[in-house]
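> Just need the structure, nothing else, for what follows:
(one chain, ligands or ions: 1)
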Amino acid sequence: MISVEKVSKEFTSKSGKVIGVDNVSLRIHKGEIYGIVGYSGAGKSTLIRCMNVLERPTSGRVIVDGVDLLGLSSKALRKARLSIGMIFQGFYLVSSKTVFENIAFALKAAGVDKTKRKERVMELLELVGLSDKIDHYPAQLSGGQKQRVSIARALANNPKVLLCDEATSALDPSTTKSILKLLKKINQELGITIVLITHEMEVVKEICNRCAVMQDGRIIEEGPTYELFAEPKRTLTKQFIHSVLDFELPSKLVEACTGRLVQLQFRGKLASEAIVSDMLQQFKVSGNILHGKVEYIQEKPLGIFIMELTGEELEVTSAIRYLEERLEQVEVIQ
Ligand SMILES: Nc1ncnc2c1ncn2[C@@H]1O[C@H](COP(=O)(O)OP(=O)(O)OP(=O)(O)O)[C@@H](O)[C@H]1O
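Take a look at the predicted model:
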């Protein structure tokens with residue numbers, strides 16, 4: 001659906017040239033929710049803005065739904081952009097216009113007649129759950145409601161793609177969840193391909209089928225979300241994953257441990273199998289779970305547990321080997 005081919009974007013500022021995006025190639029498939037994660041300044045906004053040519057790449061190609069956007073005239077580009085909706089962290093609603101007018105404006109700009117506009121706005125407000133706010137002004141809405149209006153506006157002309165530029169970054173965690181749920185519904189029910197950029201791995205974990213990690217204008221790692229969480233390769237990816245999955249034991253607790261501390265990772269259906277209890281039955285060791293967490297990523301479980309194993313040295317070593325043979329990841333941490 002979206003093909004970004006060797007795209008670079010260079011800015012010229014007073015202090016010289018700045019590279020926003022550095023030779024990025026990406027393929028985003030029809031119907032998926034694709035996340036791009038990175039810290040501030042990584043180039044995420046520039047990259048997503050290249051996808052609808054709000055930012056014109058210095059080099060490379062951007063193809064959306066088979067159309068090479070950089071080869072289009074201004075008029076043809078305006079038309080092509082109707083199939084690419086976009087929402088932003090700051091909502092960008094017109095404060096002097098009501099919810100109805102904010103959404104109807106996008107339809108009017110696309111030449112939709114008055115009766116159809118009314119019908120479509122009602123339909124969109126129903127979809128985003130704001131039918132009762134049709135005559136409200138943006139100032140009378142919460143942040144989450146404003147984002148719902150901007151989603152309705154972005155969907156007004158039936159786009160095939162929705163680009164989300166830090167769409168939940170200004171929202172509290174529970175409002176973030178409700179907006180992510182709405183995006184998922186839009187993806188599933190309307191089949192709209194969604195690209196979102198974020199600095200929060202939690203957002204990626206929640207809804208993205210695949211994701212990319214960006215640093216210094218480049219994509220440094222990419223893949224299905226579950227695989228990235230289970231087996232991150234790059235240091236930065238690990239840092240992002242740890243913000244969701246990791247936990248630290250209090251140092252006093254670690255110091256007081258007399259046995260061996262192991263960190264176990266369970267993946268997929270293995271998470272529900274009784275490997276640990278089998279191990280405890282087969283070896284003369286006792287196991288004390290000190291910490292544990294199971295995250296569901298794309299509905300597949302990924303669990304991490306820290307256990308203290310105590311017993312005769314040989315038994316503990318054999319028990320660890322038993323676990324190593326059955327689990328994807330076993331790390332002796334002390
Ligand atoms: N219009 C511009 N002029 C000059 N430099 C720019 C411009 N826009 C972005 N940059 C630079 O390009 C790099 C990437 O910025 P970008 O905003 O894309 O990053 P980001 O990952 O989206 O970060 P943030 O989340 O803070 O917006 C930064 O070094 C930034 O300073």
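> At which residues are the strands of this structure located?
With DSSP state E as the definition, the chain shows strands at residue ranges 2-13, 16-28, 33-37, 59-64, 67-68, 84-88, 161-165, 193-198, 210-215, 218-224, 260-267, 285-297, 300-311, 329-332.
> So what are the sheet partners of the last one and their directions?
Each strand that strand 329-332 pairs with, and the sense of that pairing, follows from DSSP bridges: strand 260-267 (antiparallel).
> Report the mean per-residue pLDDT for the partner strand.
If you average the pLDDT over strand 260-267, you get 86.
> got the contact list for that strand?
The contact list for strand 260-267 (C-beta atoms under 8 Å, 6 or more residues apart in numbering) reads 230, 249, 254, 273, 275-276, 290, 294, 300-310, 316, 320, 323, 327-334. Heads up, the C-betas are built off the backbone N, CA and C, glycines and all.
> Where does the prediction get shaky in the stretch 201-334 of the chain?
269-273 (pLDDT under 70).
> What separation is there between L290 and S74?
L290 sits 62 Å away from S74, going by C-beta to C-beta, to the nearest Å.
> Neighbour count: the two, which is higher?
For the pair L290 and S74, the greater number of neighbours falls to L290 (17 against 7), based on other C-beta atoms under 10 Å.
> so what's the more buried one closest to, chain neighbours aside?
Leaving aside its sequence neighbours, L290 sits nearest to I306 (C-beta to C-beta, 6 or more residues apart in numbering; 4.9 Å).
> Could you pick out the residues of the protein near the ligand for me?
Within the chain, the positions near the ligand by C-beta under 6 Å from any ligand atom are 11, 13, 18, 20, 38, 40-46.
> Give me the lowest-pLDDT entry from the residues you listed.
S13 (84).
> Could you report the pLDDT at V161?
Here, the pLDDT recorded for V161 equals 96.
> Any idea how many residues pack against Q140?
Q140: 12 neighbours (other C-beta under 10 Å).
> Same question for S142.
For S142, the neighbour count with other C-beta under 10 Å is 11.
> mind listing what it touches?
Residues in contact with S142 (C-beta under 8 Å, 6+ apart) are T175.
> per-residue confidence for it?
93.
> Then the one 5 residues further on?
Confidence per residue is given as pLDDT, and for Q147 that number is 93.
> pretty sure it contacts E166?
No - Q147 lies out of contact with E166 (C-beta atoms under 8 Å); the separation is 10.9 Å.
> And the residue minimising distance to the centre of the chain, how close does it get to the ligand?
Per C-alpha atoms, centre = their mean, the C-alpha nearest to the average position across the chain is that of V204, at 2.6 Å. V204 is 14 Å from the ligand, where distance means C-beta to the nearest ligand atom, to the nearest Å.
> Now that residue. Nearest residue, chain neighbours left out?
Per C-beta to C-beta, 6+ apart, closest to V204 is G35, 4.0 Å.
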